[in-house]
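>>> Would you be able to build a 3D model of this:
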Amino acid sequence: MGWVRLRRFLGGRSPRPAAAAAEASFLDRWAEPVLWVEAGGGRVFLNAAARAHLGDPPPTSRQDLETRLQPSGILERWLQGSSEPALVNGQRVHARVLPLSLDGHPGHFIVLQVSPEAPISSSLIPQSRELALVTGIARLLRASLDLESTLDAILFAIRQVIPYDLAEIHLWEPGERRLRTRARDGDPQVVAQLAQGSDLHRLEEGLTGWLFAHRRPLRIEDLQRFTEARPRAPLAVLPFRAFLGIPLQAGEELVGTLELSAYRPGTFTEDHLRLLEAIGAQAAIAIHNVRLYEATRQYAEGLETLFRIAAMSAASRSLEEFLRPAVAELARWFRVERVVVLLYDPKRQELAPHPAGVHGPWSPEDLRFRLPVGDPVFAQSVFRSGQPFRSNRAPEDRRVILPYRELIARFGVRSVLSIPLMAREQPIGEVHLINRLEGRFTREDERLGMAMGAILGTTLHNLQLIERASAAPPACGR
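Got it, this is the predicted structure:
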């Protein structure tokens, strides 16, 4: 995540009303200390007390803050470790300063205690640092409508306050009934090693499965002594010793899990668990909202695609005129490498690609294949069953029947969504969406694909009737 974006969101967005009330209660015990955070020369966070005590508008940079303090030069002396008091708007304050780094940009946490005499407690500094990040990250998460940025923000927040060697976020995928790893951070070699394996987690598998089943936090000081569950990767392969994990829940809904691992036993404390739960509470709500937003947006965009295809069907006068833009729309919406429409030839009892019904790297030679639907094995096909078929690991999928298995190998198919084309409840063909460019085919893709297939099937059937009628010789009069 870029520092500029972090700075913009932490310092420049107001919380929504409902969230603001929750945040206010969380900040009650920090109403007296003035908390001001800067990095790269600019302010990235301040609390309500800072707004009240530092003037209106509050300072936006270190230099601006220095002009609000007396005597002159006191801020630089604080940065060098001085504990002498200062005056802010006529009030006596003590300060403590903690250096930090935001994405490589040096900065400081500055805590001012408005007090007649007593210097600020040194124990306040780490707590204030944690508070700044938890509160600031809540603002960032509320501002983000992108899942990847949201997950990056979560890991960024944790990295600032909890030491770890590996952090993972696993999200629940309802269509697959499994958890999928959606974000990782930590030891680069371990992250690269894990990226080579499967991102899917079975519900009964490892520590992730334990969190899913028990729906409560888990802190393990030494994994070698913990016997209730074992990490999915053996300790001999990934020699982590400490573990800290929480379920991510938005209300009663399980969103996923948030898990940290470390090489040193006893790395994670109860304070770390408290912090992780604070961040996780914000994270679960943010992830839930982002996914809801993305699902709504995708549904709306899918309807737009559906309407465009419907409009094409009304305006087209030939199969070719309709098919070329229609398959282009399908490829754009589903983000696939290839599309091919197979139409049924009743005379030859076979399915054949239509030259205008393809998108992607097809050569004329590629389109010479035919599929004889009279073969008994075709009883399980999309064409005969009228049901969609979805596979995200097509080469290993045993459900794929033999005629298609040969095509999968020939054309390098990795993932496929196959939709039946029906007209008046009769099959007229199939459309195959091949090799998703990003992500996986989902159950929602099936639903929208079936809706699009219904329009395609009816339109293609009508255009076939028109073309046959146009090609028929005129009737002879008596």
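>>> Please enumerate the helices of the stretch 251-400 of the chain.
Per DSSP state H, counting those that start in this stretch, the stretch 251-400 of the chain carries helices over the ranges 270-315, 319-334, 382-385.
>>> how's the protein carved up into domains?
Per the record, the chain has its domains at 3-141, 144-293, 316-471, by automatic domain parsing.
>>> who wins for proximity to E304 among these?
Relative to E304, the nearest member of the domains of the chain by CB to CB is domain 316-471, separated by 8.7 Å. In short, each C-beta sits where N, CA and C put it, glycine included.
>>> quick check: mean pLDDT across that closest one?
Domain 316-471 carries an average pLDDT of 88.
>>> same check, this time on stretch 260-267
pLDDT averaged over stretch 260-267 gives 95.
>>> dump the residue contacts of the residue nearest the centre of the chain.
Taking CA atoms, centre = their mean, the centroid of the chain lies closest to L147, which sits 3.4 Å from it. By CB atoms under 8 Å, 6 or more residues apart in numbering, the contact list for L147 reads R182, I287, V290, R291, E294.
>>> Report the contact partners of the fourth one.
Think R291. With CB under 8 Å, 6+ apart, R291 has these contacts: L147.
>>> What does the pLDDT read for it?
R291 is given a pLDDT of 76.
>>> Look up how far R51 lies from the residue nearest to the centre of the chain.
32 Å (CB to CB, to the nearest Å).
>>> and W172, how many neighbours does it have?
Neighbours of W172 under the rule other CB atoms under 10 Å: 21.
>>> Can you give me the distance of it to F441?
Going from W172 to F441 by CB to CB gives 18 Å.
>>> Please pick the buried ones from the contacts of L147.
Taking 16 or more other CB atoms under 10 Å as the criterion, what is buried in the contacts of L147 is R182, I287, V290, R291.
>>> ok, those residues vs E321, which is closest?
Closest approach between the buried ones among the contacts of L147 and E321, by CB to CB: R291, at 38.6 Å.
>>> Could you measure from the closest one over to G81?
According to CB to CB, R291 and G81 sit 47 Å apart.
>>> circling back to that earlier point, possible to save the contacts of L147 as a markdown table with distance to H201?
Converted to a markdown table, these look like this (distance: CB to CB, whole Å):
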| residue | distance to H201 |
| --- | --- |
| R182 | 11 |
| I287 | 16 |
| V290 | 21 |
| R291 | 18 |
| E294 | 21 |
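>>> out of those, who's nearest A409?
R182 (30.6 Å).
>>> Tell me if that closest one really is in a strand.
Yes: R182 forms part of a strand when assessed by DSSP: H, G, I helix; E, B strand; the rest coil.
>>> Name all residues that make contact with it.
Going by CB under 8 Å, 6+ apart, R182 touches L147, L151, I169, H170, L171, D199, G256.
>>> Not counting residues beside it along the chain, what's closest to the third one?
Spelled out, it's I169. Distance criterion CB to CB, 6 or more residues apart in numbering; nearest residue to I169, sequence neighbours excluded, is A183 at 4.3 Å.
>>> can you check the fifth one too?
Leaving aside its sequence neighbours, L171 sits nearest to G256 (CB to CB, 6+ apart; 3.9 Å).
>>> what about that neighbour, how many neighbours?
29.
>>> How about L207?
22.
>>> Kindly report the same for A328.
12.
>>> Kindly report the same for Q189.
8.
>>> got the contact list for stretch 383-398?
With CB under 8 Å, 6+ apart, stretch 383-398 has contacts from 342, 344, 351, 373, 378-379, 382, 399-400, 408-409, 413-420, 422, 427, 429-430, 436, 440-443, 445-446, 449-450, 453.
>>> at 6 Å instead, please
373, 378, 382, 408, 413, 415-420, 427, 430, 440-441, 446, 450 (CB atoms under 6 Å, 6 or more residues apart in numbering).
>>> Sketch out the helices for the stretch 101-250 of the chain, chain order is fine.
Using DSSP H, counting those that start in this stretch, helices in the stretch 101-250 of the chain cover 124-143, 147-161, 188-195, 206-214.
>>> Which strands or helices does the last one pack on?
Under the contact definition 3 or more CB pairs under 6 Å, 6 or more residues apart in numbering; DSSP states H and E, helix 206-214 sits against no other helix or strand.
>>> Give me the residues contacting that helix.
Applying CB under 6 Å, 6+ apart, the contact partners of helix 206-214 are H170, L179, H201, L203, A229, P231, R232, G245, P247, T257.
>>> Narrow these to those in strands?
H170, L179, H201, G245, P247, T257 (DSSP state E).
>>> ok, now which ones touch the fifth one?
Contact partners of P247, counting by CB under 6 Å, 6+ apart, are L211, R215, T257.
>>> What of the third one?
Residues in contact with H201 (CB under 6 Å, 6+ apart) are H170, R178, L179, T208.
>>> again, only this time at 8 Å
With CB under 8 Å, 6+ apart, H201 has these contacts: H170, R178, L179, R180, T181, T208, G209, R232.
>>> Same check on the fourth one?
The neighbours of G245, taking CB under 8 Å, 6+ apart as the test, are L207, T208, L211, P217, L218, T257, L258, E259, L260.
>>> now, the most widely separated pair of these?
Farthest pair in the contacts of G245, by CB to CB: T208 and P217, 13.3 Å.
>>> Which one's more surrounded, these two?
With neighbours defined as other CB under 10 Å, T208 and P217 compare such that T208 has more, 25 against 16.
>>> what's the spacing between that one and I246?
Taking CB to CB, one finds T208 at 11 Å from I246.
>>> Spell out which residues are contacts of both of the two.
T257.
>>> Of the buried ones among the contacts of L147, which is the nearest to A95?
I287 (37.1 Å).
>>> ok, the nearest residue to the closest one once chain neighbours are set aside - contacts?
Leaving aside its sequence neighbours, I287 sits nearest to V255 (CB to CB, 6+ apart; 5.1 Å). Going by CB under 8 Å, 6+ apart, V255 touches L171, W172, L248, Q249, A284, I287, H288.
>>> Surely R232 and E205 touch.
Yes: proximity of R232 to E205 meets the contact threshold set by CB atoms under 8 Å, at 5.7 Å.
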